[in-house]
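Chemist: What would the 3D arrangement of this be:
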Amino acid sequence: MSSQILPFTPLSITTPPPSEIRHPSSPLILHTLSQRTHIPPHVYKHPSAILLELCTSIKELHQFIPLIIKNGLYNEHLFQTKLVSLFCKFGSLSEAARVFEPIDDKIDPLYHTMLKGYAQNCNLYDGLSFFCRMLVDGVRPVVYNFTYLLKVCGDNGDLRRGKVIHGQLIVNGFASNLFAMTGVVNMYAKCKLIEEAYKMFDRTPERDLVSWNTIIAGYAQNGLPRRAMELVSRMHKDGLRPDSITIVSMLPASANIGCLRVGKSIHCYVLRSGFESLVNVSTALVDMYSKCRLVGTARSIFDRMSFKTVVSWNSMIDGFAQSGDSEEALMLFEKMLDEGLKPTTVTIMGALHACADSGDLTRGQFIHQLVNQYALGYDISVMNSLISMYCKCKRVDIAAKLFEKLQSKTLVSWNAMILGYAQNGHVTEALNLFCKMKLKNMKPDSFTLVSVIPALAELSVLRQAKWIHGLVIRTCFDKNVFVMTALVDMYAKCGAIHTARNLFDSMGERHVTTWNSMIDGYGTHGLGKAAVELFHEMQKGDTKPNEVTFLCIISACSHSGFVEEGRQFFTIMKEDYGIEPSMDHYGAMVDLLGRAGQLNEAWDFIQNMPVKPAINVLGAMLGACKIHKNIDLGEKAANELFELNPEEGGYHVLLANIYATASMWDKVAKVRTTMEKKGIQKTPGCSLVDLRNEVHTFYSGSSWHPQSKKIYAYLETLIDKIKNAGYVPDINSIHDVENDVQEQLLSSHSEKLAIAFGLLNTSPGTTIHIRKNLRVCGDCHNATKYISLVTGREIIVRDMHRFHHFKEGTCSCGDYW
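Modeler: This next block holds a predicted model:
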């Protein structure tokens, strides 16, 4: 019979009555076939049969078929079944069907072989449709039919159809079959119904090692590693010893809960049981030690492996990448290629992760070529990794092109691109892409929000901060600790420090990053006392400070002049918490001492550092010398700093300003000449103000704004008013021009233009919010205090380091910044 594959409707499967299902001893059949219980020796001993057993590729199979036909063996059931099996094995279902369909006298094994092929190679629909056809053709299912189908249901996460197959399994009398019920347990576990899987396991009258391994793996893969460990103990009490499969399930479970002690115990059992020679066990050990941050131990095991699979290499590469050793990860990746192994998608993603973390664009582009060479671009996860890599390597333009070409963008794709824009300072593009994503009815998740909220924080617009906060509440993410932490940080960076604290206090759960964000927020607002009190509150709780916490609290002390407290925090960081100072911590300490005027101590601190000072440390020293007008130490710091070839032109400007303050104009000219020769550009001062859904940008001396004439006219009047109130322009930093021109240059600084625009276009009593890309200069700081006095307005300025709240002629920084 050559009936066609039927369309599959799972809820309508019916089993033919027992009288219509053909049994081997029953003469009643629904199609013509001859029962063969004996295969003549000339058939199974024929050279063609031996060739089929040795066949390793579809190309060889095509070469053998003419020989089978020539010898008159094509119609033998042994050869028909073997041909169907091999075509299925090599993934050619269409050729398998061409052998299967014309056969009039089909035997049961032929059906079972064909079903296995559909289950292993095709989609779930085709496999189940063929199963329906088997029932209609009167073929009695065997247990293996159900296990194949249950596996494909589990692999596809199709719970509905999996339940239908489970029902058919029961109807056909396999409810007590251990092999069948193990397949049911596996299906429910892979469909993430682990408790349902356990019910099936618990009802099984007898259990073998395979069934125990299945439920243990189910719990481990469903994020319940502790439960998996408990089941291993129960299995041992039942008299069954763990085998290599149990070990491969247990090791990831111990790694996921960070239980190195259990992992080491399992390693000892592996050695006692002689499993160390098994590649899958050794690979699992490599993975476990890597995830427990013992990458050196993982590498030792990896190096001792006599045979390594691609999975082994992937585990070791990913181990180095996750531990932050990007260089070693990439060297291992290159070694793998040299040994002739073809990378998989997992290999590529691990290598791209390493490139992203190290900012290695050259290697990243080489891996991109490999993606094209091995045709791995079909995998959306690989493309997402490429987007992330290019973003972290500061080539957001290439990332954007890849993103636009993606045919089927996932939420991860959108998140990667939004985060890439935000991290590269393309705030507007990040927000536009977020809005575009919402228009396409893509629902944001916590990762989306944690990516877009920092972009809004950089924009520092309180109105938009409130908008995203509302969205967080509407999408029910207001209980997510990471989203709420991002909101705390955002409000602090938008100048609303009290709102940030209210959110912080309302959180039921706080991560260490939550504490860090609040402490840092207090620091940037000059509220050092509040930052110190919050740090002490943190010490009393369960959350331990980390290296970022200490960086935040030392910086907070620096902004508020709390020198002694800053020293104490630097000391206890190492002595009480075992945290080794990083270069950022050293830079914060130099800033703390330098701002307080303790320049000699700051310089001695640099000289006694156990490592060579980096750009940030010497830059902090140079900045302190500018504040306190110390030429000698400023020159020493600058000389060491310029040997490191900083790309930022601001350090040369700092040195020139030190000379200008001392009226050493010849040295000022020398610094400027050096900058010209090296092509170093001074970063132009830029101030931004948000008004009616539009961000207005001002540069020093700019006149292209539509309201420029009005702004300059108003500013001239405003300057006269604050002069009458006591303001005196600081003209010492400008030379070679007349006094009136000096004052004119000062009055056209970007923040003064932005403030004038804000005052002109808002109603009395409205707070003015300004964002500045550089440190506020002394003259603008002094002028803004007087502007707040004569206008009765509160003016909040966020510069590159901190916030300044100007009100009634004073600043929150207390002139200490």
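Chemist: Just the mean pLDDT for stretch 393-400, thanks.
Modeler: Per-residue pLDDT over stretch 393-400 has a mean of 95.
Chemist: Buried residues of stretch 672-683, list them for me.
Modeler: Under the neighbour-count criterion of 16 or more other C-beta atoms under 10 Å, stretch 672-683 has M675, I680 buried. The way it works is simple: take the backbone N, C-alpha and C, and place the C-beta from them, glycine included.
Chemist: start to end distance for that stretch?
Modeler: Start to finish, the residues bounding stretch 672-683 are 13 Å apart (C-alpha to C-alpha, to the nearest Å).
Chemist: Let me see the ranges of the helices in the stretch 51-200 of the chain.
Modeler: Here the stretch 51-200 of the chain has its helices, by DSSP state H, counting those that start in this stretch, at 58-70, 77-89, 93-100, 108-121, 124-136, 143-156, 159-171, 178-190, 194-203.
Chemist: Which residues outside the last one are in contact with it?
Modeler: When contacts are defined by C-beta atoms under 8 Å, 6 or more residues apart in numbering, helix 194-203 is touched by residues 181, 184-189, 207, 211, 214-215, 218-219, 222, 224.
Chemist: cool, the shortest one as well?
Modeler: By C-beta under 8 Å, 6+ apart, the surrounding residues in contact with helix 93-100 are 80, 83-84, 87-88, 106, 110, 114, 117-118, 121-122, 126.
Chemist: Adding pLDDT and distance to C557, write these out as JSON lines.
Modeler: Converted to JSON lines, the contacts of helix 93-100 look like this (pLDDT from 0 to 100; distance: C-beta to C-beta, whole Å):
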{"residue": "Q80", "pLDDT": "88", "distance to C557": "83"}
{"residue": "L83", "pLDDT": "92", "distance to C557": "80"}
{"residue": "V84", "pLDDT": "92", "distance to C557": "77"}
{"residue": "F87", "pLDDT": "91", "distance to C557": "74"}
{"residue": "C88", "pLDDT": "90", "distance to C557": "71"}
{"residue": "K106", "pLDDT": "87", "distance to C557": "84"}
{"residue": "L110", "pLDDT": "90", "distance to C557": "81"}
{"residue": "M114", "pLDDT": "91", "distance to C557": "75"}
{"residue": "G117", "pLDDT": "90", "distance to C557": "71"}
{"residue": "Y118", "pLDDT": "88", "distance to C557": "69"}
{"residue": "N121", "pLDDT": "81", "distance to C557": "66"}
{"residue": "C122", "pLDDT": "65", "distance to C557": "66"}
{"residue": "D126", "pLDDT": "84", "distance to C557": "68"}
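Chemist: low-confidence ranges in this structure?
Modeler: Applying pLDDT under 70 to the chain flags the ranges 1-44, 122-123, 732-745.
Chemist: what's the longest helix in it?
Modeler: What stands out as the longest helix in the chain, according to DSSP state H, is helix 708-724.
Chemist: before we move on, back to that, any idea which of the helices of the stretch 51-200 of the chain is most buried?
Modeler: helix 178-190 (a mean of 25; mean count of other C-beta atoms under 10 Å).
Chemist: so which of the contacts of helix 194-203 comes closest to S388?
Modeler: Minimum distance to S388 across the contacts of helix 194-203 is 27.1 Å, recorded for N222 (C-beta to C-beta).
Chemist: So the closest residue to the closest one other than its chain neighbours versus V311, what's the distance?
Modeler: In this structure, N222 finds its nearest non-sequential neighbour in I194, 4.4 Å apart by C-beta to C-beta, 6 or more residues apart in numbering. Distance, I194 to V311, using C-beta to C-beta, to the nearest Å: 25 Å.
Chemist: what do you get for H804?
Modeler: 56 Å.
Chemist: Counting neighbours, go ahead and name the busier of the two.
Modeler: More crowded of H804 and V311, by other C-beta atoms under 10 Å: H804, with 26 against 17.
Chemist: And for that one, nearest residue in space, chain neighbours not counted?
Modeler: Closest residue to H804 apart from its sequence neighbours, by C-beta to C-beta, 6+ apart: V797 at 4.5 Å.
Chemist: again with A624
Modeler: G594 (2.4 Å).
Chemist: mind listing what that neighbour touches?
Modeler: G594 sits next to A602, A620, M621, G623, A624, C625, I627, H628 when contact means C-beta under 8 Å, 6+ apart.
Chemist: from the chain's centre, how far out does the helix or strand where the fifth one lies sit?
Modeler: Which is A624. In this assignment (DSSP states H and E), A624 forms part of helix 615-628. Distance of helix 615-628 from the chain centroid (C-alpha atoms, centre = their mean, to the nearest Å) equals 35 Å.
Chemist: Just the CA trace of it, in PDB.
Modeler: This file holds the C-alpha atoms of helix 615-628, laid out as PDB (Å, rounded to 0.1, in the frame of the first residue of the first chain):
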ATOM      1  CA  ILE A 615      47.000  58.400  33.000                       C
ATOM      2  CA  ASN A 616      44.000  58.800  35.400                       C
ATOM      3  CA  VAL A 617      46.300  59.000  38.400                       C
ATOM      4  CA  LEU A 618      48.700  61.600  36.900                       C
ATOM      5  CA  GLY A 619      45.700  63.500  35.400                       C
ATOM      6  CA  ALA A 620      44.100  63.800  38.900                       C
ATOM      7  CA  MET A 621      47.400  65.200  40.200                       C
ATOM      8  CA  LEU A 622      47.600  67.700  37.300                       C
ATOM      9  CA  GLY A 623      44.000  68.800  38.000                       C
ATOM     10  CA  ALA A 624      44.800  69.400  41.700                       C
ATOM     11  CA  CYS A 625      47.800  71.500  40.700                       C
ATOM     12  CA  LYS A 626      45.500  73.600  38.500                       C
ATOM     13  CA  ILE A 627      43.100  74.200  41.400                       C
ATOM     14  CA  HIS A 628      45.800  75.100  43.800                       C
END
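Chemist: which parts of stretch 810-817 are buried?
Modeler: Using 16+ other C-beta under 10 Å as the test for burial, stretch 810-817 gives C811, S812, C813, W817.
Chemist: what does stretch 724-731 give?
Modeler: Using 16+ other C-beta under 10 Å as the test for burial, stretch 724-731 gives Y727, P729, D730, I731.
Chemist: got it, and stretch 255-265?
Modeler: A255, N256, C259, L260, V262, G263, K264.
Chemist: List the contacts of it.
Modeler: Against stretch 255-265 from outside (C-beta under 8 Å, 6+ apart): 220, 223, 225-226, 229, 250-251, 254, 287-289, 291-292, 294.
Chemist: Could you identify the most distant pair in those?
Modeler: Farthest apart among the contacts of stretch 255-265 by C-beta to C-beta are G223 and L294. That separation is 22.7 Å.
Chemist: Distance of V481 relative to M518?
Modeler: 13 Å.
Chemist: Repeat that for H804.
Modeler: Using C-beta to C-beta, H804 is found at 20 Å from M518.
Chemist: What of Q568?
Modeler: For Q568, the distance to M518 equals 20 Å [C-beta to C-beta].
Chemist: Show me which of the two is the more surrounded one.
Modeler: Each of Q568 and M518 has its neighbours counted (other C-beta under 10 Å); M518 has more, 28 against 15.
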